[in-house]
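[1] compute the structure for the input listed below.
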Amino acid sequence: MIRFIAYVDPSTGSFALQAAVGAVMGVSFMVRNHVKGFISKFRKPRPGKPNDIE
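    Next comes the predicted model:
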């Protein structure tokens, strides 16, 4: 029988948590921007506001 002895120091858990939170925030930001861009293609421009595209 082979015994594997592994050691994970506390900073590894902190790094994994930061990576997970960063990934969730990055994906949510990317999805939000894509959805806003998709919806803006189908919206009518508001009266009185200049167009962003020239």
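[2] going forward, measure contacts and count neighbours with C-alpha atoms only.
    Will do.
[3] where do the helices sit along this protein?
    Here the chain has its helices, by DSSP state H, at 10-40.
[4] and the residue positioned nearest the centre of the chain, what pLDDT?
    Computing the C-alpha centroid of the chain and ranking residues by C-alpha atoms, centre = their mean puts residue 26 first, at 1.8 Å. Note for residue 26: predicted pLDDT of 96.
[5] quick one: low-confidence ranges for this structure?
    48-54 (pLDDT under 70).
[6] the residue nearest to the centre of the chain and residue 35, how far apart?
    Distance from residue 26 to residue 35, counting by C-alpha to C-alpha, to the nearest Å: 14 Å.
[7] how many residues are close by residue 14?
    Neighbour count of residue 14, defined by other C-alpha atoms under 10 Å: 11.
[8] next one: the one 5 residues further on
    Using other C-alpha under 10 Å as the criterion, residue 19 is surrounded by 12 other residues.
[9] please apply the same query to residue 10.
    Neighbour tally, residue 10, other C-alpha under 10 Å: 8.
[10] that one and residue 31: what is the separation?
    32 Å.
[11] can you check residue 40 too?
    14 Å.
[12] now residue 37
    On the measure of C-alpha to C-alpha, residue 37 and residue 31 end up 10 Å apart.
[13] again, but for residue 47
    From residue 47 over to residue 31 (counting by C-alpha to C-alpha), the distance is 28 Å.
[14] neighbour count winner among those two?
    The residue with more neighbours, out of residue 47 and residue 31, is residue 31; 12 against 7, by other C-alpha under 10 Å.
[15] list the contacts for the more buried one?
    By C-alpha atoms under 8 Å, 6 or more residues apart in numbering, no residues touch residue 31.
[16] start the count at 19, not 1, going forward
    Happy to do that; since the first residue is 19 now, the last one works out to residue 49.
[17] and it, how far from residue 29?
    30 Å.
[18] residue 59 now?
    Residue 59 is 45 Å from residue 29, by C-alpha to C-alpha.
[19] what does residue 60 give?
    47 Å.
[20] what does residue 50 give?
    Separation of residue 50 from residue 29 (C-alpha to C-alpha) stands at 31 Å.
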